[in-house]
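Student: Here's my sequence, what's the structure:
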Amino acid sequence: MDAKPATLDSLSQRLQRLEKHSFRWRIVYLVFLLVIVSVPITWFAHEQVTLESKSFIMVDNQGRERATLSLSADGSPSLVFYDSGGKILALLQAKSSGSASLGLYSSSGDTLYKAP
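Tutor: Below is the predicted model of the structure:
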């Protein structure tokens, strides 16, 4: 009968050692995970990220094109705003010659203002 308490004591001690060992490994895993996650985050935080494209198109919730920032074939930039029906409301364009133009239009397509 004395063997049972000794066996329970030894099992209890063994379980405590395993729990300590498990705790240590959890700490090691946590530190490893923090290092793995923090390295890319700090790299991205210090880098200046540049987004480049030849055009950017904004669409509404229904997927209709509402604004476009793009380059023409000669490299001239333009900014165009559309109404919900797809008609041009405003156009701002820089030409390769160095001049610029601005056009404002009604929803029916009439020119409200144009320069030059």
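
Student: by contact count, what packs against whichever strand or helix holds Ser38?
Tutor: According to DSSP states H and E, Ser38 maps onto helix 3-46. Packed against helix 3-46 by the contact rule (3 or more Cβ pairs under 8 Å, 6 or more residues apart in numbering; DSSP states H and E) you find no helix or strand. For glycine as for every other residue, the C-beta is placed from the backbone atoms N, C-alpha and C.

Student: Averaged pLDDT, that helix. What do you get?
Tutor: Across helix 3-46, pLDDT averages out at 80.

Student: What of stretch 94-101?
Tutor: The pLDDT scores in stretch 94-101 average 88.

Student: Only C-alpha atoms, please: export it in PDB.
Tutor: Provided in PDB are the C-alpha atoms of stretch 94-101 (Å, rounded to 0.1, in the frame of the first residue of the first chain):
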ATOM      1  CA  ALA A  94      -2.000  68.400 -69.100                       C
ATOM      2  CA  LYS A  95      -0.800  68.300 -72.700                       C
ATOM      3  CA  SER A  96       2.700  67.200 -73.800                       C
ATOM      4  CA  SER A  97       3.200  70.700 -75.200                       C
ATOM      5  CA  GLY A  98       3.100  72.100 -71.700                       C
ATOM      6  CA  SER A  99      -0.400  73.600 -71.800                       C
ATOM      7  CA  ALA A 100      -3.400  72.400 -69.800                       C
ATOM      8  CA  SER A 101      -7.100  72.200 -70.400                       C
END
